[in-house]
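K.L.:
the sequence isn't on hand, but the structure is:
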């Protein structure tokens, strides 16, 4: 028993450190931020989990208090992820007329399955673009990319809130 206790005391710091490996460079930090809002389980819910299993009807539901539907929030995330990704890649983004409300209201419930796929796709594209970028480009865009992760997390939280209000959220998926 004494040998077991000594062994645990000696190995515990290494075990804890292995579980909590933080990224060691800018690319790693940015990828971690993007992935935890996309499809990696962390201490908050990721986008793929947040939208999984919803019907088009559920995705269109609004609470009548002025909050957006899950579908509207997902559409908004797609729009802004695409806009900033195009700029990051040196492409011309879709023309924006300055009315942010339209980034929510153009959601079409008939396209819900495509919206879910497009959200996953654009987040995958961000991760690939960050992985492929050189260090200079990453350094120049780091603040923008970090803000994308924050923006994603904020609206994903809203998605979970709407689902909780609606009664369609499974608390075993991350938020009790």
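P.N.:
Right, received. Where do you want to start? Everything numeric in this text was worked out from a predicted model, so none of it was measured. Residues are numbered from 1 along each chain as shown.

K.L.:
how about the helices in this protein?
P.N.:
When secondary structure is read from DSSP state H, the chain shows helices at 2-19, 26-38, 47-51, 56-60, 70-88, 102-105, 112-132, 135-166.

K.L.:
so which of those is nearest residue 173?
P.N.:
Nearest to residue 173, of all the helices of the chain, is helix 47-51, at 5.4 Å by C-beta to C-beta. Backbone N, C-alpha and C define where each C-beta goes, glycine included.

K.L.:
one step back: any chance of the helices of the chain in CSV with distance to residue 175 and mean neighbour count as columns?
P.N.:
Conversion of the helices of the chain to CSV gives the following (distance: least, C-beta to C-beta, whole Å; neighbours: other C-beta atoms under 10 Å):
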stretch, distance to residue 175, mean neighbour count
helix 2-19, 22, 9
helix 26-38, 14, 20
helix 47-51, 9, 23
helix 56-60, 17, 18
helix 70-88, 14, 22
helix 102-105, 22, 15
helix 112-132, 19, 17
helix 135-166, 5, 17
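
K.L.:
list the contacts for the most centrally placed residue in the chain?
P.N.:
The chain has residue 37 as the residue nearest its centroid, 2.4 Å off, counting by C-alpha atoms, centre = their mean. When contacts are counted by C-beta atoms under 8 Å, 6 or more residues apart in numbering, residue 37 is found next to 46, 47, 123, 149, 152, 153, 156.

K.L.:
ok, back up a step: return the member of the helices of the chain having the minimum mean pLDDT.
P.N.:
If those are sorted by mean pLDDT, helix 2-19 sits at the bottom with a mean of 44.

K.L.:
ok, back up a step: the helices of the chain into CSV, with extra columns for distance to residue 95?
P.N.:
Supplementary listing: these in CSV, determined by distance: least, C-beta to C-beta, whole Å:
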stretch, distance to residue 95
helix 2-19, 46
helix 26-38, 25
helix 47-51, 25
helix 56-60, 26
helix 70-88, 10
helix 102-105, 12
helix 112-132, 18
helix 135-166, 19
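
K.L.:
of the ones you listed, which is nearest residue 176?
P.N.:
Shortest distance between residue 176 and the helices of the chain, using C-beta to C-beta, is found for helix 135-166: 9.8 Å.
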